[in-house]
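A.B. asks: the sequence isn't on hand, but the structure is:
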């Protein structure tokens with residue numbers, strides 16, 4: 001093993017891959033997950049610092065809408081860029 005240090009925030013697990021448990025021991029159905037007390041909104045994960053720790057937590061429906069909007073916005077921008085390159 002080399003003497004280099006890992007990047008900040010990167011944990012190296014020395015255990016072999018086959019020794020890890022790949023499936024969770026307990027699962028929650030959707031009603032239990034919705035009933036869980038999870039903070040939603042803007043917050044800072046201080047373990048990652050003030051800049052990189054900025055976090056937005058949304059309810060599932062709002063998160064789905066945000067993902068759809070971002071995907072549409074990116075697709076629209078790519079289409080506009082392509083059409084603009086055809087006109088030049």
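C.D. replies: Ah, there it is. None of these values were measured; they are calculated from a predicted model. Numbering: from 1, shown residues only.
A.B. asks: go through the chain and flag its longest helix.
C.D. replies: helix 60-87 (DSSP state H).
A.B. asks: list the buried ones in it?
C.D. replies: By neighbour count on 16 or more other CB atoms under 10 Å, the buried set for helix 60-87 is empty. The way it works is simple: take the backbone N, C-alpha and C, and place the C-beta from them, glycine included.
A.B. asks: I'd like to know how far residue 39 sits from residue 57.
C.D. replies: 6 Å (CB to CB, to the nearest Å).
A.B. asks: looking at those two now, which is surrounded by more residues?
C.D. replies: residue 57 (12 against 8; other CB atoms under 10 Å).
A.B. asks: so what's the more buried one closest to, chain neighbours aside?
C.D. replies: Distance criterion CB to CB, 6 or more residues apart in numbering; nearest residue to residue 57, sequence neighbours excluded, is residue 40 at 5.0 Å.
A.B. asks: so what's the one you found up against?
C.D. replies: Applying CB atoms under 8 Å, 6 or more residues apart in numbering to residue 40 gives the contacts 57-59.
A.B. asks: try residue 58
C.D. replies: Here residue 58 is in contact with 40, 66 (CB under 8 Å, 6+ apart).
A.B. asks: equivalent analysis for residue 69, please.
C.D. replies: With CB under 8 Å, 6+ apart, residue 69 has no contacts at all.
A.B. asks: from residue 54, how far off is it?
C.D. replies: 19 Å.
A.B. asks: low pLDDT regions in the protein?
C.D. replies: 1-36 (pLDDT under 70).
A.B. asks: give me that answer again for 80
C.D. replies: 1-36, 88 (pLDDT under 80).
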